[in-house]
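Undergrad: coords please:
(chains A, B and C)
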Amino acid sequence: MVPIEYYLGLSAVLFTLGALGVLIRRNAIIIFMSIELMLNSANLLFVAFARLYESMSGQIFVFFVMAVAAAEVAVGLALIVAIFRTKQSIDVDEINMLKG
Amino acid sequence: MLLSEAISSGPEFFSLVPLVVFIPVVGLLINMLIGDRLYIWVGDRMAEKLIGIIASTAAGLAFLVAVLLGISLINHPQGDVIVLLDWISAGSFKVNWAFQVDTLSVTMMLTVAGVGTLIHIYSIGYMHEDVQHNGDPKRYKRFFIFMNLFIASMMVLVSADNYLMLFVGWEGVGLCSYLLIGFWYEKGKEGIGNSIAAKKAFITNRIGDFGMLLAIFIMFIAFGSVNFTDVFEQAPAVAAATPAILIAITILMLIGVTGKSAQIPLFVWLPDAMAGPTPVSALIHAATMVTAGVYLVTRSYVLYDLVPEAQAIVALVGAVTALFAATIATAQFDIKKILAYSTISQLGFMVAAVGMGAYAAGMYHLVAHAFFKALLFLGAGSVILGVEYGHHHAEHDERLKRELKKRREDKDFDPQDIRNMGGIRKTMKTTFWVYLIGALALAGIPPLVGFVSKDEILAEADNFNKTIFGIPFTDVVYILLTIAAFLTAFYIGRQLLYVFFGKSRTLAAEYSKENPLIVTIPLMILAFLSLMGGGLNLPRIHSFTHWLEHTLHHLHIGEFDIQVALISTALALIALTLAYFIYYRRYNAQRDLPTAERPDDPMRPILGPIFKVFENKYWVDEIYWTIFINPYVSLSKFLADVIDWRFWHDWFHDVLIVRGYNRFTTWLSTMFDLKVIDGFANWLAITTERFAAWLRRTETGYVRNYALSVFLGLVIILVYLLLR
Amino acid sequence: MIPDIVIFVILSLIAIATALGMLMSKNAIYSALNLILNFCTVAVFYLLLDAAFIALTQVTVYAGAIMVLFLFVIMLLGVERLRTKSTLPWQQPLAFALAVILLVVALYVIFIRTGIYIEASEVVKEGFGSPEAVGTVLFNEYLLPFEVTSVLLLVAIVGAILLTLRQITGKKYIEMEKSDGSD
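TA: Predicted structure coming up:
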């Protein structure tokens, strides 16, 4: 196995990229995808540690994360669709009616 | 000796002494309570008589008690002290209300009660006329209430066994004097003249009382007590140690004496006190109250004997006053004013006597003077009543009314002016004879009482050889008193001739009538006493002196000096003759002159400006007003108007405090409340608003910003954890 | 045999590249496709880590279902590109800075403060990562979370439908002006 540090590093990089995507992109879909990327990086780390400690629990966690991610995507996209119906745009910068 | 013990012991009546005070009090209370009712019960005339009888009986009973006390003293001459009750007991200061019964106090009691009773009886008739004349009959009982009060207070004064109780009586008689002088308080010059005279008496007396009080205070400090016995016991020791204390006490008491006994400089109230009814003048301002000062000095003989310096001052004050007043009396035209200045002068004789240390002589003259001066005053009152009657009669008679108008005697008729009298001896015979006796007594013609007493004083003055600072002051006193005696005879002769002799000068005098017996009988009794009074202290026998000796130990027994007696008698006779020549012969001669050139007094052209000085009493009142009273009044006005009103009230209070406070509160409300506190509150609100507005900027509404802030927080925490 | 490390490096490069591609692509379709590739790469990682079942689940669920859903929505809404310009000028630099910091911190922690982890064993036991193994653990230890997850999926379904449900009132689908976002 590749030393666990590398997996950690990779996961960190992917996570950072995902976070960056959330912060920088204005397209709601892209933001969502960045979130998925972040979740994915966490999954990777789970599996890597499962392998390191030879415990199946890590993989089970990944399983659950995926399930939840799927549910979340479904709901999230439904939201985006609903918003698009009113705003005719999925630019998150335009969804600022709670502006103080 | 307690009252209860005294009653149970022997045939002495010392225990009765509180009655001399309480019987007059009971009398005045009866009059006060039922006086008005009597008018309803028995009618006006009877009511007046009853009121007068009640008051006179009270005074008479007091006299009776005094007689009993006197009888007791014959057997027990050392006297006694009857304690009635504890009055003050504060720390070391203890004063009882106790009655001292000894020969001196009983002498005074007899004089006061005796002469007082006679005057009460006289007043029954006199006041009846007076209240009719002044138009307020209901005021009759007020007079007798005050007269009884006076007797009671005077008794307190003379029976006290300590200086504080004496002072209580002192104040009491001063009060009665005020009340009685101002009896007709709404009358007098411009409607307030009598009240002003009363006030003058009271205030001048108060100045004297101030000295008296200081003396008592010093006495307490020096001796620890104000009891006669205690003070006199300790006096020699204190005198040896610090004579200054005794000098202070005696001189301060002298101030009290000059106030009460009308000496220089506080005599000015006595002439004005003649505004009161004549019985008042007789009783209070001739026979009794004014002698309180002489009694005081005599009582304090122990103190005065220890300080010859004070004695000199007292004697000189008395002698100078005697001469001073006698000069003024020669130029007065009011019948009562002449007698008033005569009283001052005679009091000067008494004060000079006791000042020198001739206590027996002084006290004897006191008693003698009570007799003949009361007689003279009451006689003058009788004359005034007669003249008023004559004027009244003339006013209401048709023919005479026209005559009055013609002579211009109808308006502003003064029944007391001797220039309005004349020839009274024909119309009022009884009054004339008694008055003549009184006048001769005053002049000092033997063997009347006035001669014996005055002569004794002069003899003492001549024979004492007391010197002070090298000056033989008793000789100076002798010279002054002799001249005063000469003038005394002169002025009383003048008065006699003006009033009783010659032709009646006015219709009023012409039609004057003698007064009823109720008025003339007391006069006759007093005349009798004036005639026979000389027997009280005959030379060689000295009954009175021995009587007093029991109280005034080591009393000097005056020797009869034939030289002095002859000189004084001769001077009196010369004076009377001189008066006869001037006021009878010359006066009648001047009547032939036309009215314009005729002087009202034959002495006026002779003495010229000196007569004017005498007539205006040396302008003493005016001087006092200018030097003392006006500056004092100005000072009070200044203090009241400027300091109290303008400064204190208007400025300090209104401007400084009220306005300043208002300004302060206004400042507080505008500057402080509005600007600071409201400002603070507003600032809080505004700052909150601004802060909120600033903070609101984080609520951009952009999701990405919120995500960024989350991310930022995360990074910060991680960095912190890393660096920790 | 090619050493694991080489595979790892190549795969990681691909992963990072696709991630960057997803990030920077202006076209949403391209981003989705990049992400699919990323997911596939991560699946290979899983294979490397002896997680066979998970790897295939990744491909099936993530790449096959989720991303397809994404693509459907993108194409449904027709929002490949955004029309307007960005309105937050300082968002990007700050985000970059923070990302750099995070990366630096993470890498520092991982590589420099190291020495905590045990050595991995070269060979794992038989059947590690196999469906049997997953099933055993899943239905024994993690039964409850499993059941709860099913409820969660149900909730998600209901929610998704509700959110996009159109009332049968005849209201037109495009009514921007009147709508207030609740529908």
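
Undergrad: how about the helix or strand of chain C with the lowest mean pLDDT: buried residues?
TA: Taking mean pLDDT, DSSP states H and E as the measure, chain C has helix C:91-107 as its least confident helix or strand, at a mean of 88. Neighbour counts over helix C:91-107 (16 or more other C-beta atoms under 10 Å in any protein chain shown) mark C:91, C:94-95, C:98-99, C:101-103, C:105-107 as buried. All C-beta atoms are positioned from the backbone trio N, CA, C, and that covers glycine.

Undergrad: same question, stretch B:475-489
TA: Result for stretch B:475-489 [16+ other C-beta under 10 Å]: buried residues B:476-478, B:480-489.

Undergrad: Show which residues not belonging to it make contact with it.
TA: B:315-316, B:318-320, B:322-323, B:326-327, B:329-330, B:342, B:345-346, B:348-349, B:352, B:355-356, B:442-444, B:454, B:457-458, B:461-462, B:465, B:567-568, B:571-576, B:579 (C-beta atoms under 8 Å, 6 or more residues apart in numbering or on different chains).

Undergrad: try 7 Å this time
TA: B:315-316, B:319-320, B:322-323, B:326-327, B:330, B:342, B:345, B:349, B:352, B:356, B:442-444, B:454, B:457-458, B:461-462, B:568, B:571-572, B:575-576 (C-beta atoms under 7 Å, 6 or more residues apart in numbering or on different chains).

Undergrad: go on, stretch B:137-151?
TA: B:24, B:27-28, B:31-32, B:35, B:44, B:48, B:51-52, B:55, B:58-59, B:62, B:112-113, B:116, B:120, B:123, B:127, B:131, B:173, B:176, B:179-180, B:183, B:284.

Undergrad: Quick one: name the residues of chain A near chain B.
TA: A:19, A:22-23, A:92-93, A:95-100 (C-beta under 7 Å from any C-beta of the partner chain).

Undergrad: same thing but at 8 Å, please
TA: A:19, A:22-24, A:26, A:31, A:92-93, A:95-100 (C-beta under 8 Å from any C-beta of the partner chain).

Undergrad: State the helix or strand in which B:Val476 lies.
TA: In this structure, B:Val476 sits in helix B:473-500 according to DSSP states H and E.

Undergrad: Could you give the average pLDDT over that helix?
TA: Helix B:473-500 comes out with an average pLDDT of 88.

Undergrad: How about stretch B:686-699?
TA: Mean predicted confidence for stretch B:686-699 is 86.

Undergrad: hang on, the earlier thing: point out the ones among the residues of chain A next to chain B that are inside helices.
TA: Secondary structure defined by DSSP state H assigns A:19, A:22-24, A:31 of the residues of chain A next to chain B to helices.

Undergrad: most neighbours, which of these?
TA: A:Ala19 (26 neighbours; other C-beta atoms under 10 Å in any protein chain shown).

Undergrad: roughly how far apart are it and chain C?
TA: To chain C, A:Ala19 is 6 Å away according to C-beta to the nearest C-beta, to the nearest Å.

Undergrad: Isn't that residue up against C:Leu103?
TA: No. Applying C-beta atoms under 8 Å, one finds A:Ala19 not in contact with C:Leu103, separated by 9.7 Å.

Undergrad: Flag the shaky bits of chain C, pLDDT-wise.
TA: C:1, C:79-87, C:114-115, C:167-183 (pLDDT under 70).
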